[in-house]
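[1] predicted structure and sequence below. I'll ask about it afterward.
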Amino acid sequence: MAISWKKKFKPQVILDSVEKVRTVSPDGGTTFSGFEIYETLPALQSMLDFPSSASDLDKSLLVWRAISSVSVKLTQDSFLVAINKAFIALTATSLQSYEILTSISLAPDGLPLTGKVCGSAWRLLNADFPHKFIGRQSAIADANIPEDTTSKSYTKVIVSVKAKSSYQAMTKALRAIDIQRGVWCLIGNVRMESFGTEWEPINVVRLGGVHTVHLSNGTPAPSPVWFEPGYVTAQPFRPANVQVFKKNCAFVLRRILASRYSERLCEALLRFVRALDERDQNHALIKLWGALEELTCPDSANYELLTRRCSYCFKDTHYHRQMLEHLREYRNQAVHAGNSGTSAKTHCYQLQYYFFQLFFFHLRNVKVFSSLDEANQFLDLPVDKESLLFRRRIVEKAIRFVS
């Protein structure tokens, strides 16, 4: 599929603004005057509909290459031709091996030191990074990161990926390690706390503050440094019972891989772990609500479906539906009124509990449902036995009728 314009926008208005500050030299080079160009590029990116094959690509780079390469008048059509040409050129690039260096707040004692997620291999180190990555520190120093984002107590991690650019390598690696962190946090996170710091993120396994991408020989790749602007140092997590923790994590990963809608489960897990990395608990709750939507109503933000389907997992359905309605009300207040009550973290713990139960419902039934839609049809069934028996009689009559 090609890149196209979203129908609700009028990109020519933005392109006309760019055309006013753009100069094309006789040799085809392009220059821009003023700072307006930096406002228009993100706007153009939002107006474009990218195919799924562009999910890991640097879309801002594609927009910049298109703007810079059009030698004729800048129109909607000429821009689309240029950006699709840049897209084809980038996707035609051969895969390279990259290694992404980061760290996590996890003590590796007794845990597997290697693993593979989404085609990317990770390994935990009991020491510092190998000597071949000696250029990492100078790359971080040159990046002028505004604060010290390196915790010496964190475990070093190397993620090996194959990608077509350093940007794609980093996004693939972070996705892989975040899904693995999602498994660790799903099992290891505290379910509720009586005392704690309001702004402390809930996740027990968190990323370090800085990540670097390298070529296979250890040399820093182009644009090698990424950092976490909301980084908060955590104490390295040590499971109380390593063997039980390891067994439960293996069960989760095994069941995800066995599911016929594993991509949906991975996406929900990714949203879950990134939500609870937040230090602002209201932001965390809003994002975590999105993780529940990913499982219950992925194609529409339907609160009714979410509360009904999630509460169906419990014996006392009516009680839990009311609790979910209460959390929905709080979530809406946080979004629309900007409320930031001191109970936000408690609400996050409550919503984490519902995500945990719903996620494990899907894991326990990987052999029952062939798709997420089928699982949600099951969660839409009546909660009382009499209604189910009545529905069964009607279905049996319908089967006899059509036969």
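    Right, received. Where do you want to start? Numbers count the residues shown, from 1 in each chain.

[2] who does residue 31 bridge with?
    Residue 31 has the following beta-bridge partners by DSSP bridges: residue 23.

[3] next, count neighbours for it.
    Other residues within reach of residue 31, judged by other C-beta atoms under 10 Å, total 10. The way it works is simple: take the backbone N, C-alpha and C, and place the C-beta from them, glycine included.

[4] contact partners for it?
    22, 23, 25 (C-beta atoms under 8 Å, 6 or more residues apart in numbering).

[5] surely the first one and residue 30 touch.
    Yes. At 6.3 Å, residue 22 counts as touching residue 30 under the criterion of C-beta atoms under 8 Å.

[6] overlap of the contact sets of those two?
    Taking C-beta under 8 Å, 6+ apart as the criterion, residue 22 and residue 30 both touch residue 67.

[7] between the two, point out the one with more neighbours.
    residue 22 (17 against 13).

[8] how close does residue 161 sit to residue 121?
    Shown here: residue 161 relative to residue 121, a distance of 8 Å by C-beta to C-beta, to the nearest Å.

[9] got any ranges where the stretch 151-300 of the chain has weak pLDDT?
    Screening the stretch 151-300 of the chain residue by residue with the criterion pLDDT under 70, one finds the ranges 194-196.

[10] cutoff 90 now
    Along the stretch 151-300 of the chain, the model assigns pLDDT under 90 to residues 151-152, 191-199, 222-223, 227-233, 299-300.

[11] where do the strands sit along it?
    Counting by DSSP state E, counting those that start in this stretch, residue ranges of the strands within the stretch 151-300 of the chain are 155-163, 210-215, 220-227.

[12] looking at these, spot the one closest to residue 66.
    Taking C-beta to C-beta as the measure, those were each checked against residue 66, and strand 220-227 came out nearest at 19.0 Å.

[13] can I get the closest one in PDB, CA atoms only?
    Once side chains and other backbone atoms are set aside, the C-alpha atoms of strand 220-227 remain, and they are given as PDB (Å, rounded to 0.1, in the frame of the first residue of the first chain):
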ATOM      1  CA  PRO A 220      27.500   4.000  17.300                       C
ATOM      2  CA  ALA A 221      25.000   4.100  14.400                       C
ATOM      3  CA  PRO A 222      23.600   7.400  13.000                       C
ATOM      4  CA  SER A 223      21.500   9.200  15.600                       C
ATOM      5  CA  PRO A 224      22.600   6.800  18.200                       C
ATOM      6  CA  VAL A 225      21.200   8.200  21.500                       C
ATOM      7  CA  TRP A 226      17.600   8.000  22.700                       C
ATOM      8  CA  PHE A 227      16.600   8.900  26.300                       C
END
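
[14] buried ones in it?
    Neighbour counts using 16 or more other C-beta atoms under 10 Å place 220, 221, 224, 225, 226, 227 of strand 220-227 among the buried residues.

[15] any chance of those residues in TSV, plus distance to residue 269?
    What follows is the buried residues of strand 220-227, written out as TSV (distance: C-beta to C-beta, whole Å):
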residue	distance to residue 269
220	30
221	28
224	28
225	27
226	21
227	23
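
[16] now the two most distant members of the residues you listed.
    The widest separation within the buried residues of strand 220-227, taken as C-beta to C-beta, falls between 221 and 227 and amounts to 15.6 Å.

[17] follow-up on the earlier one: of residue 161 and residue 121, who's got more company?
    Shown here are residue 161 and residue 121; by other C-beta under 10 Å, residue 161 has more neighbours (26 against 15).

[18] ok, now which ones touch the more buried one?
    For residue 161, the set of contacting residues under the criterion of C-beta under 8 Å, 6+ apart consists of 97, 98, 99, 100, 119, 120, 121, 169, 172, 173, 176.

[19] can I get those residues in TSV including distance to residue 376?
    TSV is the format used below for those (distance: C-beta to C-beta, whole Å):
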residue	distance to residue 376
97	40
98	38
99	40
100	35
119	28
120	30
121	33
169	35
172	29
173	32
176	27
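
[20] just the buried subset of those, written out for PyMOL, thanks.
    The command below creates a PyMOL selection of those among the contacts of residue 161 that count as buried (16+ other C-beta under 10 Å):
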select buried, resi 98+99+100+120+169+172+173+176
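
[21] which residues touch whichever strand or helix holds residue 395?
    Of the helices and strands defined by DSSP states H and E, residue 395 is found in helix 385-402. With contact meaning C-beta under 8 Å, 6+ apart, helix 385-402 is reached by 381, 382.
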